[in-house]
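**Q** Just need the structure, nothing else, for what follows:
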Amino acid sequence: MSFFGRVRVLTRSVGGSLGLRLQGRVTGCLAGGAYGLYHLEGLFGASFSSSSASSSSSSSSSSSAALPAADDSDSTSSSSSSSSQSRDSDSADPLDPLAQFKCATTISPKRGMSVLRDPWFTKGTAFTHAERERLALRGLLPPVPTSLDVQKDRIMYDWAKGFKDRREAESREKLELARSGVTPEMIRRHRLLQDLHDRNETLYYHLLQENFKDMAPIVYTPTVGWACQHFAHTYRNARGMYFSANDKGEMHSMVYNWPNEHVDAVVVTDGSRILGLGDLGAGGMGISIGKLDCYVASAGFDPRRVLPVCLDVGTNNEYLLKDPLYLGLRQKRITGDAYVELVDEMMAAILNRYPRALVQFEDFTANHANLLLERYRNHHLVFNDDIQGTGCSALAGVLTSLAAQGLRKCAIKRMRFLVAGAGGSALGVVDSIRQAMVRHGLSDEEARRNFWICDHHGLITTARDPSTMHNETAMKYARPETKYEKADLVTAAEAARPTALLGFSTAHGIFTDRLLKRVQHYASHEQLRPLILPMSNPTSNAECTHAEAVFATNGRAIVATGSPFPDADHDGILYPNNQANNIYTFPGIALGAVAGQCERVSDGMAMAAAEALSKHTMDVYGDANRMICLNPNDQKPIRLFPPLEGARNAAVDVAVGVVVQAAEEGLVRRHRTGALEVLENKGEMSLRRYIERWMWSAKYASISFSAATVRS
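**A** The predicted structure follows:
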């Protein structure tokens, strides 16, 4: 029997997937020439001459020691064993200069993501830089190769430490797991879902779509914050793309290592400000993955057409730099022009391959968030969820609070806001509310006078030196009352007499009982119920809890928090917690922008999204969410956002509002069968059906095989 016949017999005798992989390795080795044959020696425990691959007769003679006879006709091949022994002695020659390379290289018949998914060939993060280039893996793994020992330590960390031990260690490191609202049970469920995500994406997203209310806190906030903090310790499988400072000049080529030809949405972070937890470096990939899970579950994006991205420019987190398991670049963050050049190259690479994709910026520091949004928003389909998405959610809550009190949207002009925090999210919310005030009759200057903003130094007035601020754009809201420069919140409240509190400070407990009572007093003078929005994430950073706001105002406050809190029972009345999470808005904005073939995301589109969400909320709850009469002392519980189990319906309503506004602004591409034509010819109801048909649902489809669809 020929050499190849013996290989087939051997692999059939092994059987199953192992036999197929073994046969694939043999084929790869033969394709590798002489070095491939060296590897065959290690594979079968025998040696083969270079002529074996071309001559079946010599193959059978040289391989008899390695391959068993398949039938009686092969018995003659045993006479050639002496040549095999001779070759063995030659290969063992200590003077052979090539001896050190024998069995050192495995020839893989696969490239790209297929290698990472194959348990036989994959090394995970241990692929060297050279191997990543040869196998088209650059960008598919965290940028720094690790060793087998480090991978072992990552597994042994879980082996040796239970959740109790880990919580004690995290407490010592001041990670405050217990106060973050993340419990060991939530961590267990997160790991369960991620394991399923790696095994069966259709089943994973089917469960997520069917149980979004229960699973959203696991795949998104607050548990995703824990996942980002521990990304290096829990890393298992490659997901998403990493661009790093070491990839400068190579991004245009490495983006083609991503296996999918079509991408509708990209979420990118640099890990510099993850959910109020600070600089988490390459661990920021977790938030990009979590965001896109919400895109799929809530807005119906096809999971094959989304791309999570992490831009690794280093980290200033000393804990991560000292962590031996950390997967990112071990250097301080790049800043200034060098940083912008890297982002430019990454954006150009992504949009060159996927020119119609929406790019969402996520959890950048305030100075970079505003800079990058303004740099790209007028030319490309981009938006920043921390600025526009959070602003949209907060504005929707404000509008719903007015509607529930029987007031029109124009009543927003009567509201005054005291804001704790001057970062990108805070200013995004303030800008959104200010634009709504202008839309309903105030001048821009009049609208600005309704905001009093405090940073970590105190109230910002015109006496402030901008160079001392983390976000200089806050100076456009600087108060002229310089005597209150750097005043604390209570003093600022006495000057501002606010009807609403906005919290983005990540400073736990700064909305004190005294401050909450004052705001309730000032709001009652305007015939309004006080609006309290402690928006900081995670729960350990919230300015106050839901219950604290309810108790301090005797149930009169309308409260929405950025993190989930339990409902509050006060005087026999149950006050449900309203979570002012941008999970209600960013999926719908993205859905409208992509399904509607929009060219850009404008401020008007974000405002339309807020109004659509507010209307959807009031439609869902109806009269149950309306006060019978306008009374600032009313204690009726008010719901500001729709239930999460109806997230897909909310996303569709938001998307319709976004497309309608985009069409009014001339920002929708005209296509023969596109959204604009449907809207113009058939109206908004047909547009809604058009968007619903665009959405993907997690269902099993009938699958057939076609060799033309096989990819490396």
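**Q** Name the helix or strand for residue 518, please.
**A** Using DSSP states H and E, residue 518 falls within helix 513-525.
**Q** swap in residue 383?
**A** For residue 383, the host element (DSSP H and E) is strand 382-384.
**Q** Which other helices and strands does that strand contact?
**A** Contacts defined by 3 or more C-beta pairs under 8 Å, 6 or more residues apart in numbering; DSSP states H and E place strand 382-384 against strand 358-361, helix 366-376. Just so you know, the C-beta spots here come from the backbone N, C-alpha and C atoms, and that holds for glycine as well.
**Q** Can you list the buried residues in the last one?
**A** So the one you mean is helix 366-376. 366, 367, 368, 369, 370, 371, 372, 373, 375, 376 (16 or more other C-beta atoms under 10 Å).
**Q** Can you name the residues that contact the residue nearest to residue 108 when sequence neighbours are not counted?
**A** Nearest residue to residue 108, sequence neighbours excluded (C-beta to C-beta, 6 or more residues apart in numbering): residue 121, at 5.0 Å. Counting by C-beta atoms under 8 Å, 6 or more residues apart in numbering, residue 121 touches 106, 108, 110, 115.
**Q** and what of residue 267?
**A** Taking C-beta under 8 Å, 6+ apart, one finds 287, 288, 291, 292, 295, 306, 307, 308, 309, 360, 362 in contact with residue 267.
**Q** Mind listing the strands whichever strand or helix holds it pairs with, and their directions?
**A** Per DSSP H and E: residue 267 is located in strand 265-269. Strand pairing for strand 265-269, using DSSP bridges, gives strand 306-312 (parallel), strand 358-361 (parallel).
**Q** got the angle for it vs helix 366-376?
**A** Inter-element angle recorded for strand 265-269 and helix 366-376: 150 degrees (by axes from the mean of the first three to the mean of the last three C-alpha atoms, to 10 degrees).
**Q** so for strand 265-269, what's the average pLDDT?
**A** Averaged over strand 265-269, pLDDT sits at 98.
**Q** For whatever helix or strand comes next after it, output the C-alpha coordinates as CSV.
**A** Proceeding N to C from strand 265-269, the next assigned helix or strand is helix 285-299, under DSSP H and E. Presented in CSV, the C-alpha positions along helix 285-299 are these (Å, rounded to 0.1, in the frame of the first residue of the first chain):
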residue,chain,number,x,y,z
MET,A,285,-12.6,45.3,25.4
GLY,A,286,-15.3,44.0,27.8
ILE,A,287,-17.4,47.1,27.4
SER,A,288,-17.3,47.0,23.6
ILE,A,289,-18.4,43.4,23.7
GLY,A,290,-21.2,44.2,26.2
LYS,A,291,-22.5,47.1,24.2
LEU,A,292,-22.8,45.1,21.0
ASP,A,293,-24.6,42.3,22.9
CYS,A,294,-27.2,45.0,23.6
TYR,A,295,-27.2,46.0,19.9
VAL,A,296,-28.0,42.4,19.0
ALA,A,297,-30.5,41.7,21.7
SER,A,298,-32.3,45.0,21.8
ALA,A,299,-31.9,46.5,18.3
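**Q** So which bits of the helix holding residue 518 are buried?
**A** The neighbour-count check on helix 513-525 (16+ other C-beta under 10 Å) flags 515, 516, 518, 519, 520, 522, 523, 524 as buried.
**Q** any idea of the mean pLDDT for it?
**A** 95.
**Q** Which strands and helices lie in contact with it?
**A** Judged by 3+ C-beta pairs under 8 Å, 6+ apart, the packing partners of helix 513-525 are helix 489-496, strand 500-503, strand 531-534, helix 546-552.
**Q** Now do it: everything it contacts.
**A** Contacts to helix 513-525, defined as C-beta under 8 Å, 6+ apart, come from residues 416, 418, 489-490, 493-494, 497-501, 529-532, 544, 548-549, 552-554, 556-557, 632-633.
**Q** gap between that helix and the chain center?
**A** Once both centres are worked out by C-alpha atoms, centre = their mean, to the nearest Å, helix 513-525 turns out to sit 38 Å from its chain's centre.
**Q** Give me the angle between it and helix 489-496.
**A** Put simply, helix 513-525 runs at 20 degrees to helix 489-496, going by the same axes, to 10 degrees.
**Q** circling back: out of the contacts of residue 121, which are inside helices?
**A** Among those, DSSP state H puts residue 115 in helices.
**Q** What sits closest to residue 571 if chain neighbours are left out?
**A** Excluding its sequence neighbours, the residue lying closest to residue 571 (C-beta to C-beta, 6+ apart) is residue 555, at 6.5 Å.
**Q** my guess is that neighbour is in a strand, correct?
**A** No: assessed by DSSP: H, G, I helix; E, B strand; the rest coil, residue 555 does not belong to a strand; its assignment is coil.
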